[in-house]
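Engineer: the sequence and its predicted three-dimensional model are supplied below.
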Amino acid sequence: MSAVPFTRDDYAARMARVVADGHAAGVDGVLVTPGPDLVWLTGYQPTAITERLTMLFLTTDREPTLLVPTLERPDAERADGTAATTVVDWLDGADPYAAASGLLRPDGRYAISDSAWAMHLLGLQTALPRTAYDSVTARLPMLRAVKDANELARLEAAGAAADATYEQILDVRFSGRTETDVAADLADLLRQHGHEQVDFTVVGSGPNGANPHHEAGDRTIEVGDCVVLDFGGLMDGYGSDTSRTVCVGEPTDQIREVHEVVRLAQQAGVDAVRPGVACQDVDRAARQVIADAGYGERFIHRTGHGIGVTTHEPPYMIEGEELPLVPGMCFSVEPGVYLPGSFGVRIEDIVTVTEDGGRRLNNTDRHLRVVA
């Protein structure tokens with residue numbers, strides 16, 4: 001079944017919420033440049049992110065306003081959410097920062113997209129030297145973190161498609177083929193199950209599995225290898241991301257031991273999810289299991305990251321992140337153990353916070369599976 005389209009009212013509500021959250025965070029407005037925040041707020045994604053200034057102004061003193069180059073105005077006005085904005089343009093050869101400065105207070109403080117080009121921020125500062133700017137993440141770290149029902153449905157569908165991909169990859173031959181061969185199979189299966197975009201297909205065999213972000217290479221997978229599979233992308237505009245670790249042929253006792261430690265750690269992380277708990281407590285719960293088993297120094301990354309219109313976004317499950325979990329948040333729980341020169345193990349599910357706990361959006365078997 002196709003995803004339910006977002007409406008003008010959906011986008012208008014998001015913009016109103018950002019203005020209110022920005023005011024509560026002590027800024028006069030939020031300035032959004034091309035990237036995931038602009039897509040989430042308006043549905044508009046320029047065909048190319050260029051040096052020409054495009055910026056959404058969400059301020060306390062005016063209606064939402066989208067400033068675009070004149071030549072891109074027709075495309076901007078076709079986006080579903082821009083109907084909830086006033087679209088204004090600037091012509092090539094004119095000063096875009098002069099146009100932008102008319103939409104800002106001369107002494108205002110604004111949150112601006114983390115991905116804004118430096119030339120645009122500097123242009124604003126030159127045009128309005130008494131203005132001040134903070135990154136959106138610093139002021140509004142949970143900007144897109146809490147998903148509505150439509151967003152949750154898309155994430156759940158993407159997770160189910162990733163699960164179906166995993167179930168099918170178990171029937172593919174691993175031994176005697178290269179990592180890139182298996183990665184290509186994963187990408188094909190994700191597309192077959194509805195993904196319009198494949199973002200990553202990690203296939204880390206043997207010692208390559210000890211590198212969490214190993215790029216699939218030309219290593220030939222051998223019988224006895226432990227293989228980390230981590231794959232995902234976008235489906236109906238929302239992300240999937242799951243990891244499982246398999247063994248080619250009969251696993252050694254060490255592989256079985258480490259895999260079980262990681263499985264129990266992942267379960268502990270999921271069990272820690274409930275409203276009001278700090279993000280860092282999810283990390284602590286998973287990390288404690290691995291530390292108690294003697295592998296603490298071999299868990300070398302955070303336990304999780306948020307997911308939505310991108311596959312990595314706030315919130316982050318890491319020590320020091322004290323923001324509380326809220327129903328509707330979605331993030332990965334993905335502890336791992338990495339033994340350099342030998343193998344690695346990672347198990348990952350996307351989890352959403354419910355009113356009384358957490359719910360997995362990935363539901364394939366987490367026990368060690370043997371492949372051919």
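Structural biologist: Thanks, I have the structure now. Bear in mind that the values here come from a model prediction, so they are computed numbers and not experimental data.
Engineer: what residues are up against residue 266?
Structural biologist: 286, 333-335, 347-349, 366 (Cβ atoms under 8 Å, 6 or more residues apart in numbering). C-beta coordinates here come from the backbone N, C-alpha and C atoms, glycine included.
Engineer: show me the residues you listed that map onto strands.
Structural biologist: 333, 349 (DSSP state E).
Engineer: just the buried ones from the contacts of residue 266?
Structural biologist: Using 16 or more other Cβ atoms under 10 Å as the burial test, the contacts of residue 266 include 286, 333-335, 347-349, 366 as buried.
Engineer: and the contacts of residue 266, which two are furthest apart?
Structural biologist: 286 and 366 (13.1 Å; Cβ to Cβ).
Engineer: surely residue 279 meets residue 320?
Structural biologist: No. Taking Cβ atoms under 8 Å as the definition, residue 279 is not a contact partner of residue 320, at 9.1 Å.
Engineer: compare those two (neighbour count), which wins?
Structural biologist: A count of neighbours by other Cβ atoms under 10 Å puts residue 279 above the other of residue 279 and residue 320, at 27 against 10.
Engineer: where does the closest residue to that one other than its chain neighbours land in three-state SS?
Structural biologist: Take residue 279 and drop its neighbours on the chain: the residue closest to it by Cβ to Cβ, 6 or more residues apart in numbering is residue 321, 4.1 Å away. Judged by DSSP: H, G, I helix; E, B strand; the rest coil, the three-state class of residue 321 is coil.
Engineer: go ahead and confirm residue 321 touches residue 306.
Structural biologist: No. If you go by Cβ under 8 Å, residue 321 and residue 306 don't touch, sitting 10.8 Å apart.
Engineer: longest helix anywhere in the chain?
Structural biologist: helix 149-169 (DSSP state H).
Engineer: buried stuff in that helix?
Structural biologist: For helix 149-169, using 16+ other Cβ under 10 Å, the buried residues are 150-166, 169.
Engineer: adding distance to residue 47 and pLDDT as columns, could you present the buried ones among the contacts of residue 266 in TSV?
Structural biologist: Putting these into TSV (distance: Cβ to Cβ, whole Å; pLDDT from 0 to 100) gives the following:
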residue	distance to residue 47	pLDDT
286	41	98
333	36	98
334	34	98
335	40	98
347	39	98
348	33	98
349	35	98
366	41	98
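Engineer: my guess is residue 141 contacts residue 315, does it?
Structural biologist: Yes. Counting by Cβ under 8 Å, residue 141 does reach residue 315; the two are 7.2 Å apart.
Engineer: and the residue nearest to residue 279, how far from residue 302?
Structural biologist: Noted for residue 321: a distance of 9 Å to residue 302, by Cβ to Cβ, to the nearest Å.
Engineer: which one's more surrounded, the two?
Structural biologist: Between residue 321 and residue 302, residue 302 has the larger neighbour count (other Cβ under 10 Å), namely 21 against 17.
Engineer: identify the residue nearest that one in space, chain neighbours excluded?
Structural biologist: Nearest one to residue 302, counting by Cβ to Cβ, 6+ apart, is residue 318 at 3.8 Å.
Engineer: can you tell me how far that neighbour sits from residue 364?
Structural biologist: For residue 318 relative to residue 364 (Cβ to Cβ), the value is 25 Å.
Engineer: what about the strands in the stretch 151-300 of the chain?
Structural biologist: Assigned by DSSP state E, counting those that start in this stretch, the stretch 151-300 of the chain shows strands spanning 197-205, 226-235, 238-239, 242-248.
Engineer: could you dump these to TSV with distance to residue 24 and mean pLDDT?
Structural biologist: Output for the strands of the stretch 151-300 of the chain, formatted as TSV (distance: least, Cβ to Cβ, whole Å; pLDDT from 0 to 100):
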stretch	distance to residue 24	mean pLDDT
strand 197-205	33	97
strand 226-235	31	98
strand 238-239	27	98
strand 242-248	35	98
